[in-house]
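Asks: next one to model:
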Amino acid sequence: MTDMSILAGRLHQRSAHGQYDRIFVRDLILDCHIGVYEEEKGVTQKVGFSIEAAVAPEIASRHDQIAEVPSYDNLVDAVNETLSEGHINLVETMAENIARLILADARIVWVRVRIDKLERGPAAVGVEIVRPRELGNPSVQ
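Replies: Numbers count the residues shown, from 1 in each chain. So this is what the prediction gives:
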């Protein structure tokens, strides 16, 4: 049995296997330099980003301070940092780069990154990846 509620942009889930908070950004739409085809180079395309990240169970806001917990702002920052690197050929590469930046925060245990290219295909095409924190890898808080 699972009980879920949304509070201040955080999905809180209690289950028999433990307690997890999730931070998320949904349907962030940005103009991006993305694409492998010649007609995609030198122009921008509207791209949608939806990101969800699970927070380690021991992480909590005990004093109502943003520094105590990862924020959805951190997710948006990872997208912006990735986009600042210039043209990226593949949405898969873009998703991997975003996931890597988010997982650099040791408080995040896994991340889901979904990218939708909104100007290609019938409505949207893209990729969704889920990446866990790799045990033994150094991380930065």
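
Asks: going forward, measure contacts between C-alpha atoms and count neighbours the same way
Replies: Noted.

Asks: quick one, phi psi at the residue nearest to Pro132 when sequence neighbours are not counted?
Replies: Leaving aside its chain neighbours, Pro132 sits nearest to Trp110 (4.1 Å; criterion: CA to CA, 6 or more residues apart in numbering). Backbone torsions of Trp110, given as degrees, to the nearest 10, read phi -160, psi 160.

Asks: and what of the one 3 residues further on?
Replies: Geometry field for Val113 lists phi and psi as phi -120, psi 120, criterion degrees, to the nearest 10.

Asks: surely it meets Phe49?
Replies: Yes. Applying CA atoms under 8 Å, one finds Val113 in contact with Phe49, separated by 7.3 Å.

Asks: compare the two (neighbour count), which wins?
Replies: Val113 (26 against 20; other CA atoms under 10 Å).

Asks: the longest strand anywhere in the chain - what's its average pLDDT?
Replies: Identified as the longest strand of the chain according to DSSP state E is strand 18-32. Per-region confidence: strand 18-32 scores 90 on mean pLDDT.

Asks: quick check: closest non-adjacent residue to the most centrally placed residue in the chain.
Replies: When CA atoms, centre = their mean is applied to the chain, the residue found nearest the centroid is Ile51 (3.3 Å). Spatially, and ignoring its direct neighbours in sequence, Ile51 is nearest to Val113 (4.6 Å; CA to CA, 6+ apart).

Asks: for stretch 84-92, buried residues please.
Replies: 87-88, 91-92 (16 or more other CA atoms under 10 Å).

Asks: alpha carbons of it, in CSV - could you do that?
Replies: Output of stretch 84-92 as CSV, limited to C-alpha atoms (Å, rounded to 0.1, in the frame of the first residue of the first chain):
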residue,chain,number,x,y,z
SER,A,84,25.1,26.4,-22.0
GLU,A,85,27.6,24.0,-23.5
GLY,A,86,26.2,24.7,-27.0
HIS,A,87,24.8,22.4,-29.7
ILE,A,88,24.1,18.8,-28.7
ASN,A,89,23.4,16.3,-31.4
LEU,A,90,21.4,13.7,-29.4
VAL,A,91,18.7,13.9,-26.9
GLU,A,92,20.2,10.9,-25.2
